[in-house]
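[1] no sequence on this one, just coordinates:
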């Protein structure tokens, strides 16, 4: 699971600045190691964590200088699902939603959720189906039920939300 992305080196001692992809930045303090990279992530020990002007700075084993830290620019930082922050009942990780079949309350199949767009106000679910692509806001008025176990999402299609749908 992605928890951050390295944006650039910081200082001359191998620290890197991290763009957070987690709501729990303190997690970096709990971890002994993190997986660096997207396609073939490699386990890398965390040697130091500190905060500077609202940014997480990491020092990773094997990257003691600014030049070596530069090679990490743009790399994804991931944790094993077992190291993820436990969820409350009814909560889910966004990656778990991709692939869900999306139905209206009346049972009309709209398609499959293919992507989650994280915006400032609320997430937007991208659903691709036989009748094209639909963008659904992740708000309680629209998203009525998410059933990860059965691979299903139920929505209330507010008027004007989905072209050509009369329910």
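    All right, it came through fine. From a predicted model like this one, the values you see are computed outputs, not experimental measurements. Numbering: from 1, shown residues only.
[2] rest of the way, CA atoms for contacts and neighbours
    Will do.
[3] Pull out the buried residues from the helix or strand bottoming out on mean pLDDT in the chain.
    Taking mean pLDDT, DSSP states H and E as the measure, helix 27-30 is the helix or strand of the chain with the lowest mean score, a mean of 89. Using 16 or more other CA atoms under 10 Å as the test for burial, helix 27-30 gives residue 28.
[4] and after it, which helix or strand comes next?
    As assigned by DSSP states H and E, the chain's next helix or strand after helix 27-30 is strand 33-36.
[5] can you list the domain ranges for this protein.
    Using automatic domain parsing, the domain ranges for the chain come out as 2-83, 94-155.
[6] Would you mind telling me which of these is nearest residue 165?
    domain 94-155 (9.2 Å; CA to CA).
[7] Now do that closest one: distance to the chain's middle.
    Offset of domain 94-155 from its chain centre (CA atoms, centre = their mean, to the nearest Å): 16 Å.
[8] With stretch 147-166 instead?
    Its chain's C-alpha centre and that of stretch 147-166 lie 22 Å apart, by CA atoms, centre = their mean.
[9] Determine the set of other helices and strands touching the longest strand along the chain.
    Taking DSSP state E as the criterion, the chain has its longest strand at strand 42-52. Applying 3 or more CA pairs under 8 Å, 6 or more residues apart in numbering; DSSP states H and E, we find strand 42-52 packed against strand 33-36, strand 55-60.
[10] relative to strand 55-60, how tilted is it?
    140 degrees (axes from the mean of the first three to the mean of the last three CA atoms, to 10 degrees).
[11] Report the buried residues of strand 42-52.
    Quick answer for strand 42-52 (16+ other CA under 10 Å): 43-46, 49.
[12] Stretch 120-129 spans what distance, first to last residue?
    This stretch, stretch 120-129, spans 26 Å end to end (CA to CA, to the nearest Å).
[13] what's it in contact with?
    102, 110-118, 133-139 (CA atoms under 8 Å, 6 or more residues apart in numbering).
[14] now those residues: which count as buried?
    102, 110-116, 133-138.
[15] Tell me the one of those nearest residue 10?
    Using CA to CA, the buried ones among the contacts of stretch 120-129 come closest to residue 10 at residue 116, 30.8 Å.
[16] Isn't that closest one up against residue 94?
    Yes: using CA atoms under 8 Å, residue 116 is in contact with residue 94, at 7.0 Å.
[17] what's residue 66 in contact with, if anything?
    Applying CA under 8 Å, 6+ apart, the residues near residue 66 are 9-15.
[18] quick one: residue 117 and residue 94, what's the gap?
    10 Å.
[19] Reformat the domains of the chain as CSV; add distance to residue 162.
    Formatted as CSV, those follow (distance: least, CA to CA, whole Å):
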stretch, distance to residue 162
domain 2-83, 30
domain 94-155, 7
